[in-house]
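A.B. asks: sequence unavailable; structure follows:
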């Protein structure tokens, strides 16, 4: 007798599987009764992984933990792409404290108010940030002479990109410098 049926197979693909990977699934069906047409008992299906992931990470440290008005202050930002795909169109944004007197940064930047931004227009490799490479940005300035002491300067940097980031907890870093 003739019979048919449907089997549904659900795959869970880990985030470590890079885009462009081809997954192959082969199946075989058989019977205990005599069958003369076995050519259709084997099949395969392929799945091309097209979703892309990039685990972007940013950290920031100040040159001093405690300062005074007019103290020199340098922030060092380190950023990287941990895996698995290139970080497409990566953007780094640093919101400088209002009482921070900006002097310079390296590499070049776009400054709008108290917000510094780096894109592939300023740092070419941000267009396709390679995995496991660590890069550094340095921001130089000082604490404003009009800053009222006994407070903290809060400085936040963030990183983002075009691909899904599986660990967004490491995409932002805030540091506070105490000012006497």
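C.D. replies: Received it, and whenever you're ready, just let me know what you need. Computed from a predicted model, the values in this text were never measured in an experiment.

A.B. asks: what pairs with the helix or strand hosting residue 103, and is each one parallel or antiparallel?
C.D. replies: Secondary-structure assignment from DSSP states H and E places residue 103 in strand 100-106. With DSSP bridges as the test, strand 100-106 is paired with strand 134-143 (antiparallel).

A.B. asks: buried residues in the strand it pairs with?
C.D. replies: 135, 137, 139, 141-143 (16 or more other CB atoms under 10 Å). The C-beta positions use only the backbone N, C-alpha and C, and glycine is treated the same way.

A.B. asks: cool, stretch 27-35 as well?
C.D. replies: Going through stretch 27-35 with 16+ other CB under 10 Å, nothing comes out buried.

A.B. asks: and the average pLDDT for that stretch is what?
C.D. replies: For stretch 27-35, the mean per-residue pLDDT is 85.

A.B. asks: what residues sit buried inside stretch 141-150?
C.D. replies: Buried residues in stretch 141-150 (16+ other CB under 10 Å): 141-144, 147.

A.B. asks: where exactly do the strands run in the protein?
C.D. replies: Secondary structure of the chain, counting by DSSP state E: strands at 22-28, 42-48, 54-62, 66-67, 72-84, 87-88, 91-95, 100-106, 110-112, 115-118, 128-129, 134-143, 151-160, 172-179.

A.B. asks: neighbouring contacts of the fourth one?
C.D. replies: What it means is strand 66-67. If you take CB atoms under 8 Å, 6 or more residues apart in numbering as the criterion, strand 66-67 is touched by 73, 143, 177-180.

A.B. asks: of those, buried ones?
C.D. replies: 73, 143, 177, 179.

A.B. asks: out of those residues, who's nearest residue 122?
C.D. replies: residue 73 (21.9 Å; CB to CB).

A.B. asks: pLDDT weak spots in the chain?
C.D. replies: Within the chain, the stretches with pLDDT under 70 are 1-3, 14-16.

A.B. asks: gap between the residue most central in space within it and residue 128?
C.D. replies: The chain has residue 56 as the residue nearest its centroid, 2.0 Å off, counting by CA atoms, centre = their mean. Distance check for residue 56 against residue 128: by CB to CB, to the nearest Å, it reads 13 Å.
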